[in-house]
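In: Could you work out the structure for the sequence below:
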Amino acid sequence: MEESGILLINKPLNMTSQSLLTKLKKILHVKKIGHAGTLDPMAMGLLVVLVNQATKLSDYLLNHDKT
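Out: Residues are numbered from 1 along each chain as shown. Below is the predicted model of the structure:
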């Protein structure tokens, strides 16, 4: 069974959320990866990353306040 979980990543400036996921997918060697809300490329901040089985939580996380 593959590892699953939630990662809290500080997304740097000038990087899209999708490009960060692409890099993480290669580093972690996982099949499924997603996030719980996109950050603008010009924004720096916390990106909630969901890995493998944790991707099933995306609907729940996207529909709740993150403040």
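In: where's the residue most central in space within the chain, which helix or strand?
Out: Centroid-nearest residue in the chain, with C-alpha atoms, centre = their mean: residue 49, separated by 2.3 Å. Using DSSP states H and E, residue 49 sits within strand 45-51.
In: coming back round to it: now the residue nearest to the centre of the chain: how far from residue 22?
Out: To residue 22, residue 49 is 12 Å away according to C-beta to C-beta, to the nearest Å. For every residue, glycine as well, the C-beta is placed using N, CA and C.
In: Give me the contact list for stretch 34-48.
Out: Stretch 34-48 is contacted by residues 6-18, 20-21, 49-50, 55, 57-58, 61-62, 66 when judged by C-beta atoms under 8 Å, 6 or more residues apart in numbering.
In: Just the buried ones from these?
Out: Buried members of the contacts of stretch 34-48, scored by 16 or more other C-beta atoms under 10 Å, are 9, 11, 15, 17, 20-21, 49-50, 55, 61.
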